[in-house]
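A.B. asks: sequence unknown, structure follows:
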């Protein structure tokens, strides 16, 4: 029985099962739903295997999900805080707050950009005091909400 032994080896075994599931899903072109992807990521974070997570994100093994992008931003910066809108996000975000992996922030920002979540991106840039990037995003994006535009005017007077 593979689950007999220490906790660390059990976690590695479960992670390997999850990775095999992802491999088979990709091979047979099966779409993996968001909750399953986030469960796999949660298992990887429990193992604190940031290198594996980075590899899976870099080669786009996981689809772009808003929950995953939020988690990556939390993991990459202790300043970024998102409210958990779904039940399973709460535990995931808790794991993100407990750990720190700087490259995850850029991966989260890239994912938000691909999903065209410009308002959330703007909030992150302003929170991290990346005003130049916030301005650049605001000038390029034609679909910012009124709330985001008013926030920009308050913080960056030369935006107008």
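C.D. replies: Cool, got the structure. On a predicted model such as this, the values are computed, not experimentally measured, just so you know.
A.B. asks: Low-confidence ranges, this structure, go.
C.D. replies: The model of the chain has pLDDT under 70 over residues 1-9, 156-160.
A.B. asks: Which stretches in it count as helices?
C.D. replies: Secondary structure of the chain (DSSP state H): helices located at 7-27, 34-46, 50-58, 66-76, 87-98, 103-114, 118-127, 131-140, 146-155.
A.B. asks: Adding mean neighbour count, write those helices out as TSV.
C.D. replies: All C-beta spots, glycine's among them, are computed from the backbone N, C-alpha and C. Shown next, in TSV, are the helices of the chain (neighbours: other CB atoms under 10 Å):
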stretch	mean neighbour count
helix 7-27	13
helix 34-46	18
helix 50-58	15
helix 66-76	24
helix 87-98	15
helix 103-114	19
helix 118-127	20
helix 131-140	15
helix 146-155	14
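A.B. asks: Domain parsing of the chain, as residue ranges.
C.D. replies: Using automatic domain parsing, the domains assigned to the chain come out as 1-114, 116-160.
A.B. asks: what's residue 147 in contact with, if anything?
C.D. replies: residue 119 (CB atoms under 8 Å, 6 or more residues apart in numbering).
A.B. asks: quick one: residue 144 and residue 120 touch, right?
C.D. replies: No. At 10.8 Å, residue 144 does not count as touching residue 120 under the criterion of CB atoms under 8 Å.
A.B. asks: joint contacts of the two?
C.D. replies: With CB under 8 Å, 6+ apart as the test, residue 144 and residue 120 reach no residue in common.
A.B. asks: Need phi/psi at residue 80.
C.D. replies: phi -80, psi 130 (degrees, to the nearest 10).
A.B. asks: Looks like it contacts residue 71 (just checking).
C.D. replies: No. With contact defined as CB under 8 Å, residue 80 does not count as touching residue 71 (10.1 Å).
A.B. asks: which residues are common contacts for those two?
C.D. replies: By CB under 8 Å, 6+ apart, no residue touches both residue 80 and residue 71.
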